[in-house]
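In: Provide a 3D model corresponding to the input given below.
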Amino acid sequence: MATELKLKELAKKEPLFTSGHRLCAGCGAAIVAKMVILAAADYPLVLANATGCLEVASCIQDYTAWRVPWIHSAFENAAVTLAGVETMYRALKKKGKIDREIKFIAFGGDGGTYDIGLQSLSGAMERGHDLLYVCYDNGAYMNTGIQRSSATPLGAETTTSPAGSAIPGKLQRRKDLTRIIAAHNVPYVAQAAPSHWADLMKKVRKALAIEGPKFINILSPCNRGWRTRTDDAIMLSRLAVETCYWPLYEVANGVTKITFKPKEKKPVEEFLKTQGRFKHLFKPENKWIIRQFQEEIDREWERLQKEETLYS
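Out: Numbering: from 1, shown residues only. Predicted structure coming up:
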């Protein structure tokens, strides 16, 4: 029987992602990993981890923060690595050599998921492997020097989209990977955020209870890349949700449901002004980017609500 989603009860569980890793203080990826594994801890687990911040800082030579079977894959193939393991598991189970129900979870950052690993992920989703892929989205290639990715939001300054006289930060919109994976017609797709921990953990548990391919995209604030304080991750996550920059919703068997609706939708400026990567947008000559950013959020939030209404 699964542990209730009560902090007092969850606190009694043995941590399967432990302290002592080398992730930065206040790293969103560490918070995300701990929440996901805690939600999944009632099952025997096998994990795969794409190259990235979470991988390189959690398992160095003889030292590991993982207390479950864990596989390091290259940047581009965490999904297909785990798909292979899941296929082997099904074959051994069919032969009667395994009699336990094992769950499979892959972790990847936005670089290894939106970009380099998209082909691998799409293939695993299309083939129908019984696994959960979790993307911790920090909006850039943080591990290798804060370069832009297709998850980097409009206007953000990175080392490969520097804000200056030539360009005012990244000029392209962020790829909407959650919708792309939902278009694969898989059983379960969701967005979550660590500020809304119960929503996140319920989605993990719901995903693991469903047979077939699942995907959860989780916002993962990065104080190094976002240029914020080390204790701001939860505040930033909450602002992302309350401005609807990062809406919380799920698509289960094609039916869209918004799982959190802000009582009062805040302007995106509230989210942007907290981060050094957006400070140049508040110069008079760059205010048009904030207006465009807000228009896109408003349009997407309206679309999401209409999509939910369509199936209600």
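
In: mind listing the strands for the stretch 51-200 of the chain?
Out: 59-60, 63-64, 70-73, 103-109, 132-137, 188-192 (DSSP state E, counting those that start in this stretch).

In: Kindly report the same for the stretch 201-312 of the chain.
Out: 214-219, 248-252, 255-260.

In: taking those strands together, which one is wrapped up most tightly?
Out: strand 214-219 (a mean of 26; mean count of other C-beta atoms under 10 Å). Every C-beta, even on glycine, is put in place using the N, C-alpha and C of the backbone.

In: and that one, how far from the chain's centre?
Out: Centroid separation between strand 214-219 and its chain, computed with C-alpha atoms, centre = their mean, to the nearest Å, is 5 Å.

In: Also stretch 121-140?
Out: 10 Å.

In: State the mean pLDDT of that stretch.
Out: Here stretch 121-140 scores 98 as its mean pLDDT.

In: Between its first and last residues, what's the separation in that stretch?
Out: Length of stretch 121-140, first residue to last, C-alpha to C-alpha, to the nearest Å: 18 Å.

In: Show me what counts as buried in that stretch.
Out: Buried positions in stretch 121-140, judged by neighbour count with 16 or more other C-beta atoms under 10 Å: 121, 124-125, 129-140.

In: ditto for stretch 27-44
Out: 27-41, 43.

In: Can you tell me which of those residues is nearest Leu92?
Out: Tyr43 (16.9 Å; C-beta to C-beta).

In: which residue sits closest to that closest one in space, ignoring its chain neighbours?
Out: Setting aside the residues directly before and after it, Tyr43 is nearest to Lys103 in space (C-beta to C-beta, 6 or more residues apart in numbering), at 4.2 Å.

In: Surely the one you found is in contact with Ala41?
Out: No: if you go by C-beta atoms under 8 Å, Lys103 and Ala41 don't touch, sitting 10.2 Å apart.

In: picking up where we left off before, and Ser165, which of the strands of the stretch 51-200 of the chain is closest to it?
Out: So among those, strand 132-137 is nearest, using C-beta to C-beta, at 29.9 Å.

In: From the rest of the structure, what touches that closest one?
Out: 28-29, 32-33, 36, 54, 78-79, 82, 103-110, 113-114, 121, 124-125, 151, 177, 204, 207-208, 213-220 (C-beta atoms under 8 Å, 6 or more residues apart in numbering).

In: Rebuild the strands of the stretch 51-200 of the chain as a markdown table, extending it with distance to Leu47.
Out: Formatted as a markdown table, those follow (distance: least, C-beta to C-beta, whole Å):
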| stretch | distance to Leu47 |
| --- | --- |
| strand 59-60 | 11 |
| strand 63-64 | 11 |
| strand 70-73 | 5 |
| strand 103-109 | 5 |
| strand 132-137 | 10 |
| strand 188-192 | 18 |
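
In: Quick check: which of the ones you listed is nearest to Leu16?
Out: Going by C-beta to C-beta, the one of those nearest Leu16 is strand 70-73, 9.8 Å.

In: who touches the closest one?
Out: With contact meaning C-beta under 8 Å, 6+ apart, strand 70-73 is reached by 46-51, 55, 59, 64, 81-82, 85.

In: for the lowest-mean-pLDDT helix or strand in the chain, packing partners?
Out: Lowest by mean pLDDT, DSSP states H and E among the helices and strands of the chain is helix 7-10, with a mean of 84. Contact here means 3 or more C-beta pairs under 8 Å, 6 or more residues apart in numbering; DSSP states H and E; on that basis helix 7-10 packs against no helix or strand.

In: can you start the count at 28 instead of 1 from here on
Out: In the new count, where the first residue is 28, that last one comes out as helix 34-37.

In: following that helix, which helix or strand comes up?
Out: Note on helix 34-37: by DSSP states H and E, the next helix or strand toward the C-terminus is helix 55-67.

In: Need the contact partners of that next one.
Out: 37, 40, 42-44, 48, 50, 72, 80-81, 85, 95, 130, 132, 134, 136, 161, 163, 165, 221, 224, 227-229, 231-232, 235, 243, 245-249, 260-261, 264.

In: Please list only the buried members of those.
Out: Buried among the contacts of helix 55-67 by 16+ other C-beta under 10 Å: 37, 43-44, 48, 50, 72, 80-81, 85, 95, 130, 132, 134, 136, 161, 163, 165, 221, 224, 227-229, 231-232, 235, 243, 245-249, 260-261, 264.

In: counting residues per helix, which one in the protein is longest?
Out: helix 314-338 (DSSP state H).

In: For that one, name the packing helices and strands.
Out: Using 3+ C-beta pairs under 8 Å, 6+ apart: helix 314-338 touches strand 282-287, helix 296-299.

In: Among the buried residues of stretch 148-167, which one sits closest to Phe287?
Out: Distance to Phe287 across the buried residues of stretch 148-167 (C-beta to C-beta) is lowest for Asp164, with 17.1 Å.
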